[in-house]
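Trainee: show me how the following folds:
(one chain, ligands or ions: 1)
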Amino acid sequence: MAEIALRPVAGSDLDAFFVHQQQPDAIHMAAFTPLQPGDRAAFDLRWRRILDGAGTARTVLLDGVVVGHLVCFGDRGAPEVTYWFDQSSWGRGVATAALTLFLDDVDDRPLHARVAAGNEASRRVLERCGFVVVGTDRGYANGRGAVVDETLLVLR
Ligand SMILES: CC(C)(COP(=O)(O)OP(=O)(O)OC[C@H]1O[C@@H](n2cnc3c(N)ncnc32)[C@H](O)[C@@H]1OP(=O)(O)O)[C@@H](O)C(=O)NCCC(=O)NCCS
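Mentor: You can find the predicted model right below:
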């Protein structure tokens, strides 16, 4: 049985996160991605802000290997969770297990989340962790180069 663990993000984890962020299938799923996922300076700036306190972030380890991350942003009093995992780890329950552990660490409730249309895996992860659908939104998604519908979820 694979062992899934969370720990605070270390600077040395960022190279792996940057690789995960380049994976085309993941970009399509997430949809609402940076305009240029390969822009390392913009990536580092975003992570500097998170690690300086703009969010609560955890690295996800699968059998000791960095396979992803989760972040909770306390945005305008409506904290929101996001996550991203290496494609090699998909379909093994890693995201569901990691989000379950993360929700034990993060006290903010209600906690919000968004899922782009078609990202059924992410929606399933959230619903298995207790999030419920509360609405929809729509916006331009860099990762698909198109306007995309989103499902809004909340954990109370
Ligand atoms: C979305 C993501 C987090 C899922 O990670 P994962 O480790 O594969 O997720 P899990 O294995 O824990 O769970 C996936 C669930 O979705 C289900 N699923 C997968 N693809 C599906 C599909 N096309 N339709 C319906 N359900 C699907 C799986 O069966 C599983 O549910 P189950 O455990 O009840 O069988 C991962 O693919 C990822 O990081 N994608 C890129 C970034 C991203 O989309 N982030 C989220 C932004 S909102």
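Trainee: same for the longest helix along the chain, what does it pack against?
Mentor: In the chain, taking DSSP state H as the definition, the longest helix is helix 94-105. When contacts are defined as 3 or more Cβ pairs under 8 Å, 6 or more residues apart in numbering; DSSP states H and E, helix 94-105 sits against strand 4-8, strand 55-62, strand 65-73, strand 80-85, helix 120-128. In short, each C-beta sits where N, CA and C put it, glycine included.
Trainee: turn those into a markdown table, including mean pLDDT.
Mentor: Shown next, in a markdown table, are the helices and strands packed on helix 94-105 (pLDDT from 0 to 100):
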| stretch | mean pLDDT |
| --- | --- |
| strand 4-8 | 98 |
| strand 55-62 | 96 |
| strand 65-73 | 97 |
| strand 80-85 | 98 |
| helix 120-128 | 98 |
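Trainee: could you dump these into TSV and include mean neighbour count and distance to Asp104?
Mentor: Formatted as TSV, the helices and strands packed on helix 94-105 follow (neighbours: other Cβ atoms under 10 Å; distance: least, Cβ to Cβ, whole Å):
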stretch	mean neighbour count	distance to Asp104
strand 4-8	15	9
strand 55-62	21	11
strand 65-73	22	12
strand 80-85	20	13
helix 120-128	17	15
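Trainee: who wins for proximity to Met29 among the ones you listed?
Mentor: Closest to Met29 of these, according to Cβ to Cβ: helix 120-128, at 6.8 Å.
Trainee: and that closest one, how far out from the chain middle?
Mentor: In terms of Cα atoms, centre = their mean, to the nearest Å, the centre of helix 120-128 is found 12 Å from the chain centre.
Trainee: which strands or helices does that helix pack on?
Mentor: helix 24-30, helix 94-105, strand 111-116, strand 146-155.
Trainee: switch to 7 Å and redo it
Mentor: Helix 120-128 sits against helix 94-105, strand 111-116, with contacts defined as 3 or more Cβ pairs under 7 Å, 6 or more residues apart in numbering; DSSP states H and E.
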